[in-house]
Structure formats: C-alpha cells, structure tokens
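Trainee: model the following, please.
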Amino acid sequence: MFSLTSNKTSYFAKFSIVFGILLFTNTQTAFSKEYVVKAVGMKWKPEILVIEKGDSVKFIGMMGHDTQSMKELSPQGYLGWKSDMGEEGFVVNFDEKGVYFHKCNPHVNAGMFGAILVSKDIPQDEFDRLSANTKALGIGGPAVRKIFKKVETKINNRMAAKAD
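Mentor: A predicted model of the protein is given here:
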C-alpha cells in the first residue's frame, strides 16, 4: 500500500545524508589554506614554508623554472611531484605530515632548493633519516644541508614552544 508519510520520511533521510556529506566535505576544504611559493631569480620565496595537513602550495613565477620533490628528502613512500618547465600556478596538496624538499632542476647548481614543513611535529626517526639523506647528496648538497639546518631550527623552536 502507498503511504505518503513514509515517502516523505525516506526523502528527508536521503536529503539529510547528502546534505551531511556536502557539509563535511565543505568544512574540510574551508579549513585548508593555499600558500604560494614564488620563484624569484634563483631562489624560492619563501625558502622554507610551514603549513598544516590538508593545505596546498601553489608555485608561481615559473618562467624558466620547474619544481620537483626530492624523493630521498620527502616522507617514505611519498610519490612526489614534478611540474613542467614554466608551469605557472602548479598546485601540490599535502595530506601527510612531514618535511618535503623540492628543487628547480635547471638551477640545482645555483642552489635553488626549498622545503615545505607539514605539521608542527616531525618524529625524531624521520628527522634522522632525512638528515642522513642530506649527507648523501652530490650536486646541491651544501645548499640542501643549509636549508635543512634552518628546518631543524624551526622544528626545535616549535618543540621548545610546545614544551612551555
């Protein structure tokens, strides 16, 4: 038998589920931010960027540049990214905490490296792994180690502030 009340209830339940999913999805996006890293000359500005899980980074000023993550200096298992040369507005989403080093391939010899620090807490064993990997780099190694020291300072400052 046909019941108008049960159809209204069923419709309302389906609507509530769809509305809830949309609300949850939009809430997640509303809290994430998009940051900008700009290629300026042969440097990334900022050289080190601190963001949170769920945020994204847009690379601009890319004429004559590309951006590529450094597998050995990213979280284990991370597949990485690589833009095309001159790809303006290339966006990378960060869903896992960790340190992500990146480079401009044509300007590696000039030391065009940067780091994106996702989260305030990096486990010590992960930090030690990254530190060991910086020592194994050939070309650009000194520039990366210099940036790594700055990342280490940022992490230590955050840990000290957290302890207070």
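Trainee: what separation do you get for residue 94 and residue 57?
Mentor: The gap separating residue 94 from residue 57 is 7 Å, by Cβ to Cβ, to the nearest Å. The C-beta positions use only the backbone N, C-alpha and C, and glycine is treated the same way.
Trainee: same question, residue 74
Mentor: For residue 74 relative to residue 57 (Cβ to Cβ), the value is 13 Å.
Trainee: list residues touching both of residue 94 and residue 57?
Mentor: Common contacts of residue 94 and residue 57 (Cβ atoms under 8 Å, 6 or more residues apart in numbering): 51, 116.
Trainee: first-to-last residue distance for stretch 44-56?
Mentor: 16 Å (Cα to Cα, to the nearest Å).
Trainee: show the contacting residues for the nearest residue to residue 119 once chain neighbours are set aside.
Mentor: Excluding the flanking residues, the one nearest residue 119 by Cβ to Cβ, 6 or more residues apart in numbering is residue 97, at 3.3 Å. The contact partners of residue 97, taken as Cβ under 8 Å, 6+ apart, are 53, 75, 118-119, 121-122.
Trainee: I'd like to know how far the residue nearest the centre of the chain sits from residue 123.
Mentor: The geometric centre of the chain, computed from its C-alpha atoms, lies nearest to residue 94 (Cα atoms, centre = their mean), at 3.8 Å. With distances taken as Cβ to Cβ, residue 94 is found 17 Å from residue 123.
Trainee: do the same with residue 80
Mentor: Where residue 123 is concerned, residue 80 sits at a distance of 20 Å (Cβ to Cβ).
Trainee: list the beta-bridge partners for residue 37.
Mentor: residue 59 (DSSP bridges).
Trainee: would you map the strands across this protein?
Mentor: 34-40, 43-45, 48-51, 56-60, 68-69, 90-93, 98-103, 113-118 (DSSP state E).
Trainee: from the chain's centre, how far out does the longest one sit?
Mentor: Read it as strand 34-40. 12 Å (Cα atoms, centre = their mean, to the nearest Å).
Trainee: what's the answer for stretch 78-95, then?
Mentor: Relative to its parent chain, stretch 78-95 has a centroid offset of 10 Å by Cα atoms, centre = their mean.
Trainee: list of residues touching that stretch?
Mentor: Residues contacting stretch 78-95 (Cβ under 8 Å, 6+ apart): 34, 51, 53-71, 74, 96, 98, 100, 102, 106, 116, 118.
Trainee: can you do 6 Å?
Mentor: Residues from elsewhere that reach stretch 78-95 (Cβ atoms under 6 Å, 6 or more residues apart in numbering): 55-59, 62-63, 66-69, 71, 118.
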